[in-house]
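> model this:
(chains A, B and C)
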Amino acid sequence: MINPFTHKYMNGREALGFAILAAIIFVLFPLVLEPFRLNLFGKYLTYAFVAVGLVLCWGVGGILSLGQGVFFGLGGYCMAMFLKLEASSPENTAIQSTPGIPDFMDWNQLTALPWWWEPFNSFAFTIFAVVAVPVVFAFVIGVAMFRRRVGGVYFAIITQAIAAILTILIIGQQGFTGGVNGITDLRTLHGWDIRTDEAKTTLYFVNGVLLFAVLFAAQFVRKSKLGRLLIAMRDQEDRVRFSGYDVANFKIFVFCLGAAFAAIGGAMFTLQVGFMSPSFVGIVPSIEMVIFAAVGGRLSILGAVYGTLLVNWAKTTFSESFPELWLLGLGALFIAVVMAFPNGLAGVWAEQVAPRLRKLWPGNAAAPENTPAE
Amino acid sequence: MFSDYSMSELTAIFAMQGFAGLILFSVFVLMALGLAIIFGQMGVINMAHGEFMILGAYVTYLLSNFFEAYLPALFSIYFFIAMALAFVVSGALGMFVEWAMIRHLYKRPLDTLLATWGLSLILQQVYRSVFGAREVGVTIPDWMIGSLPLTDMIEIPINGIFVMVLAVGISVAVYVMMYRSRWGQQVRAINNNRVMADAVGINTAWTDRMTFAIGCGVAGVAGSAFTMIGSTGPTAGQLYIVDTFLVVVFGGAGSLLGTIASAFSISQAQSILEFFLSGSMAKVLTLLTVVGILMLRPQGLFAMKLRK
Amino acid sequence: MSENEKPKNYAGMSRRAVLAGGAALSASLFTPKFLRAQDFPTAEINTTGLAVTDDTVTIGILHSVTGTMAISETGSVQAEKLAIEQINAQGGILGRKIEYIQEDGASDWPTFAEKAKKLLVNDKVASVMGCWTSASRKAVLPVFEQYNGFLYYPTFYEGLEESPNVIYTGQEATQQIIAGLDWVNQTKGAKSFYLLGSDYIWPRTSNKIARKHIENFMDGCKVVGEEYYPLGHTQFNSVINKIRLKKPDVIYAIVVGGSNVAFYKQLKAAGIDMTKESPILLTISVTEDEIRGIGGENIEGAYACMKYFQSLDNPNNEAFVSAFKEMWGDDMVIGDVTQAAYLGPWLWKAAVEKAGSFDVDKVRAASPEIELTSAPEGYVKVHENHHLWSKTRVGRAQADGQYEVVYETADLVEPDPFPEGYQ
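Coordinates of the predicted model:
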C-alpha cells in the first residue's frame, strides 16, 4: 500500500480509510447506482458536510449545537437567491406585473428587488456569501455564548431557540424569502441547466470533491494542536483555561468552522435538489443531523459520512416500503445509538470488526479510523 | 390606535388583556413545571416532554368518551378524574422510561437529549397508530366552556380561570413536595451531591425514578388541562417544546421560583407585544429578547450557585 | 373509535357498496360502459413507456402519512383509494385495472420532490394523485414539468399557478373567497372585516384577494384589521381582545392545523358566541375534517365558504358518502379536500378515455372541457386553465360537526388563477 500522506496529520491507516471512502463515493456508487439513486446519494452527501462539522464541534469540542440547520439553511438560501435571480430573467417572468423579480415577490406586491438581494446577481459574491453569512452569524452567536461560558445543555437549547426564531422569521417575511414554500423552481447556473441527469451527476462529483476537501480540513484540525486542545477542553475545560489558553476563542473557531461546513453542504443541497425551504432551518432537521453524526460515531470524521449515508438510505428505503414504521425505526435508532453504541459505527468497527480482521490477517492495518473510547 | 374608544372600553380591554396575559402565564407554568422538576433537579433534558403532555390529553379524550357512553350522569366532573388519571398514566410511563433508559445516562446529559428525542418520535408514531393521524376532539363539560361576564364589557373565560387555579395548585403542591417534604429534601440532596447523598443512606435510584415520574406526571396533567384550549393530535406536543425549554432555561435551572418568574415575564412580554404588533413578529421579538438576555445572563434569572 | 388506516374490508369493499357507489357514478359518464382491453393494444395507447400492461395501469399516490400534515392528508388518500376501487369495479380504464404505488411525503417538501421523481422516473406511473400543501406542490412542480408527469392536486389553494402538468381539482382562491364575501355582505349586511390567518402563503394570498375585493368591489366596506400567527401557534387571547376592540361585523379566519383548534376553543371561551352572529365568523379553512378536532360545540354557528360539504343533498353525494363510510368506517367525515381528491381518478379516467391513450400529452390535450356529472359536489367541468368550474357554497356549522348549506352560487364559478384587479 502506497501511502501518499506521510504526514503527521494522517497515518497510514487513516489514509487507507480515506482511500476506501473515496473509492466508494467516486467509483462504486456511480457504477452501481442508476442516475435517480445517484442523485439521492448526492443529496445525502450534502448532509454529510453538516455531520462532519458536528464531529468537530460536538465529538471533539463537546459543543452540541441543535441549530446546525440554521447554517445549512443560510448557505442554501444564499445559493438559492443567486439561482432564483438567474431564473427570474425578464423574459422568463414576462407574465408578472413586475417582470424580472422572483415570482414570490411579485405575488407579494413587491415592485422592486430588495437591496440586499442585489449583490446575489454576482456569482462571485454568492460563493463568498455562502460561507461568509453563516460564519458571521455563527461568530456572533459564538462570541456571545462562549465568552460568557455558556456551554453544554444551555448552548444546545439556545441554538434550538435560534433555529425556531429564524424559521418563524423566514416564513413570516414571505415577500423577501419565499415564505414556507421556500425558493423553488431553480433552473440554471450560468446558463447551465442543473435539472438534467447529466448535470446532477456532475454535481454529484463536485459534491464529492468538496466533501473530501472538508474531510481533509477536518482531519487537519483534529490532528493539529487545536484539535488536541479541543479534546482537552471537552474533558477538563478549567484546566485548559488555567494553563493559559483562551478557551472561548477555540470554541468560537470550531463552531464557525462547523457552520462553514454546514453552509457549503446547504449550497450544494440547493444545487442538487433545485430548491431551498425553511423546513431545513428548523429544529427537527437540526436534530436529525446530529443523529447522522452520532450513528457514524461522534468522534470519527469518516464515520460521520458513513452514518449520514446509512441513516438516509435507511430512511428512503423504509419509508418506501413501510412509511408508518419509519418513525419508530428512527426513534429506536436514536435510542440504540445512545444507549448501546455511543461511538456509533466507528466504535463498532474499532471494537468489534477491526480486531477480528486483524486476527484473520495479522499485520494488515485495515481499520479506517482509530476511535478512542470515552 | 386608542383615540377612537371611550375610557370604559379601554379599561375593559386592558383588564381583559391583562387577564389574557395571566392565562398565558398559567399555561407556561403548567408546561414548564414538569420540565423544571426533571431538568432542574436531575439535569436531564427530556425532549419527549411534549409527548408526555399529549399522553395526558389522550387519556382525557378516552375518559371523555367513556363517560359519555357509560356514565353520562357524571360527565360534568369527569375532567377531574381525567386529570388524576393523566398524572398516573404519564407518571407510570415516566417511571418506566427512567428505568429503561434515563438511569443509564445520568453522566451524559447531552445524550439524554438525543435518546429522549428518539423516544418522542416513537411516542408520536404510537399515538398515530393507535388514535389515527387526525386530531381528536375532546368534549369538555358545558360548565367549563364559556365566560363569566364580569361587567357589560369584561368577560372572563372560565377555562382560563380553571387553568390559573390549576397552575397555582400544582405550583404549591410542587413547592411543598420540594421544600417541605422529606422526599424533596432527598431530591435536593442528590442534586447537590449524589455521592454523599448515597453515602448517608438515601436511596438515590428510587428517588431519581420518582422525580422523573412526578415530572412526567405533572406534564400529563398539563396536557389534560390543555385539551380545553388547544388541539390533541400525535404531533401537538411539538408545539410546546421550544417555549417550554426557554421558560425553564430563562428561569434558571433548579429554581422553582425562577421558572415561575420567567414564565411570568415571557408571557407578559408576549401578550403585550401581541396586542400591539402582528402575531408572528411578537413571537419573534419575544424569543429574540429571551435569547438576548440569556446571552448576557446565561445562568438565567434565578440561578442556584453553580459550579462547573 | 380507533381510526383504522385500513379499509374495513381490505380485500375489496362489499359488492353492494361498489355497485351502489359505482352505479350512480358511472350512469352519467359520457364514456361507453364496457371497454375491453383488447380493443386498445398497449403499444397504441402507451407510446411513452408508462407503466401500462395489457391488463393494468399503475398510478402514484403521493401524500404525507407521517408528520404534521398526515392529519389533513389522510382523508385525501382514502378518497383516492375509494375512487380507484370503484373504477376497477366498473372494469377499470380502457379495460385495465388501476394499480397504485403509494409514497409517503412525510410532511417534508424535499421528500415530496424525491418521491415524485421516484414515481415518475423509476415507476413510470401514468399519473399521480397527490400533494396537499402549497409548499409540497411547489416542490414537486419542477419534477413533474421536467419528466412530463401528470398530477391531480386536490386542495383549495392560493392560485397564481397554471401548470400544464397539473389538474387542480380544488378551488383556487378567487372562486372560494369572492362568493362568500358577497354573500355575507348582501344577506347579513356585513360592512367591516377582521382578517386573520396562519402565517404562510395561502392565508396571506387569500386575505390579499379578500382585502382587494372588500375595498374595491364592495361599497362602504372596510378591513379593520389583518393579522398572522405562526403555524402551530396556540394562544389567541390577545387577538381575540383586539377583535373585541375593533368590533368587526365579520371575523374572516384562515387559521390552519393545530392552531385552528386552539383558536375556536378560545374564541368560545372568551364569550364570543358564534351562533349569535355578532360578529359573524366566516372561514375558508375549516372543513368537516377539522371540526372533528375542534369539536362541533366549539364552532357551532360559524360559516364556512367552500365548494363541498358532506351534507350536500344530491344522489351523487349520498352514494359517495355511503361508499366512503362503507370502505373506511362509519365514523368518517368528509371534507372539501377529500371530495376534491376523490374527483382526481375520475377526471383522469374521463380524460384517458376521451384521449383513447395514456400518453400524458394526449391526456393533457383531452382534459379541458372534461365534464363530470357524477361528482359528489354536483356538476364540474375542467377549464382550459386546468382548474375546475364549480359552484361555491356557504355552510353553517352545526353542533354535530356537519355544515348546513345556506347558500349556493346560481352558476358555476369560473376559475381565475391570475385574477385581474386582485394582484
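> show me what contacts C:G189?
By Cβ atoms under 8 Å, 6 or more residues apart in numbering or on different chains, the contact set of C:G189 is C:D249. Any C-beta I mention is one placed from the backbone N, CA and C, and that applies to glycine too.
> ok so C:E404 is a strand residue?
Yes. Counting by DSSP: H, G, I helix; E, B strand; the rest coil, one finds C:E404 located in a strand.
> How about the residue of the stretch 151-300 of chain A found nearest chain C: what's its closest non-neighbour residue?
Nearest residue of the stretch 151-300 of chain A to chain C, counting by Cβ to the nearest Cβ: A:V180, 4.0 Å away. On the basis of Cβ to Cβ, 6 or more residues apart in numbering or on different chains, the spatially nearest residue to A:V180 that is not a chain neighbour turns out to be C:Y200, at 4.0 Å.
> coming back round to it: based on its surroundings, how many neighbours for the residue of the stretch 151-300 of chain A closest to chain C?
Using other Cβ atoms under 10 Å in any protein chain shown, the number of residues around A:V180 comes to 25.
> now C:E300
Around C:E300 sit 19 other residues, with neighbours defined as other Cβ under 10 Å.
> ok, so what distance separates the spatially closest residue to it that is not a sequence neighbour from C:E145?
Nearest non-adjacent residue to C:E300, counting by Cβ to Cβ, 6+ apart: C:A399, 4.6 Å away. Shown here: C:A399 relative to C:E145, a distance of 46 Å by Cβ to Cβ, to the nearest Å.
> So which of the two has more stuff around it?
The residue with more neighbours, out of C:A399 and C:E145 and counting by other Cβ under 10 Å, is C:E145; that gives 16 against 13.
> Do you know the pLDDT at A:A87?
What the model reports for A:A87 is a pLDDT of 90.
> can you tell me which residues contact the nearest residue to it once chain neighbours are set aside?
In space, A:A87 comes closest to A:R187 once its chain neighbours are excluded; the distance is 4.5 Å by Cβ to Cβ, 6+ apart. If you count contacts by Cβ under 8 Å, 6+ apart, A:R187 has them with A:L83, A:E86, A:A87, A:D193, A:I194, A:R195, C:P142.
> which one in those residues is the model shakiest on?
A:R195 (85).
> Return the distance of A:T184 relative to chain B.
Using Cβ to the nearest Cβ, to the nearest Å, one obtains 21 Å as the distance from A:T184 to chain B.
> Let me know whether that residue touches C:L141 as I believe.
Yes. Taking contact to mean Cβ atoms under 8 Å, the distance of 7.2 Å between A:T184 and C:L141 places them in contact.
> if you count what's nearby, which of those two comes out ahead?
Neighbour totals were compared for A:T184 and C:L141, and A:T184 leads with 25 against 22 (other Cβ under 10 Å).
> ok so, going back, give me the neighbour count for the residue nearest to A:V180.
Neighbour count of C:Y200, defined by other Cβ under 10 Å: 24.
> Equivalent analysis for B:Y70, please.
B:Y70, neighbours per other Cβ under 10 Å, totals 9.
> Tell me who's in contact with residue 9.
Using chain A here. Neighbour list for A:Y9: A:Q219, A:F220, A:K223, A:S224 [criterion: Cβ under 8 Å, 6+ apart].
> sorry, should have said chain B
Going by Cβ under 8 Å, 6+ apart, the list of residues near B:E9 reads B:M153, C:L245.
> returning to that earlier point: top of the contacts of A:R187 by neighbour count?
A:L83 (25 neighbours).
> For that residue, which non-adjacent residue is closest in space?
Looking at A:L83 with Cβ to Cβ, 6+ apart, the closest residue is A:L186, at 3.9 Å.
> quick one: that neighbour and A:L85 touch, right?
No. Counting by Cβ under 8 Å, A:L186 stays clear of A:L85, with 10.0 Å between them.
> ok so, going back, so what pLDDT did the residue nearest to C:E300 get?
Reported pLDDT at C:A399 in the predicted model: 92.
> got it, and the one 4 residues further on?
C:Y403 carries a pLDDT value of 96.
> Tell me who's in contact with it.
C:Y403 makes contacts with C:E288, C:A304, C:F309, C:Q310, C:S311, C:G395, C:R396, C:A397, as judged by Cβ under 8 Å, 6+ apart.
> what kind of secondary structure is the closest residue to it other than its chain neighbours in?
Counting by Cβ to Cβ, 6+ apart, C:Y403 lies nearest to C:G395, which is 2.9 Å off, once chain neighbours are set aside. Going by three-state DSSP, the secondary structure assigned to C:G395 is strand.
> Any idea how many residues pack against C:G395?
By other Cβ under 10 Å, 26 other residues sit near C:G395.
> same check, this time on B:V163
Residues contacting B:V163 under the criterion other Cβ under 10 Å number 25.
> And whichever strand or helix holds it, what's buried?
Assigned by DSSP states H and E, B:V163 falls within helix B:158-180. By neighbour count on 16 or more other Cβ atoms under 10 Å in any protein chain shown, the buried set for helix B:158-180 is B:158-164, B:166-167, B:170-171, B:174, B:177-178.
> Turn the contacts of C:Y403 into JSON lines, columns for distance to A:R37.
As requested, those are exported to JSON lines (distance: Cβ to Cβ, whole Å):
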{"residue": "C:E288", "distance to A:R37": "41"}
{"residue": "C:A304", "distance to A:R37": "45"}
{"residue": "C:F309", "distance to A:R37": "45"}
{"residue": "C:Q310", "distance to A:R37": "43"}
{"residue": "C:S311", "distance to A:R37": "48"}
{"residue": "C:G395", "distance to A:R37": "47"}
{"residue": "C:R396", "distance to A:R37": "52"}
{"residue": "C:A397", "distance to A:R37": "48"}
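> Determine which two of the residues you listed are furthest apart.
C:Q310 and C:R396 (13.5 Å; Cβ to Cβ).
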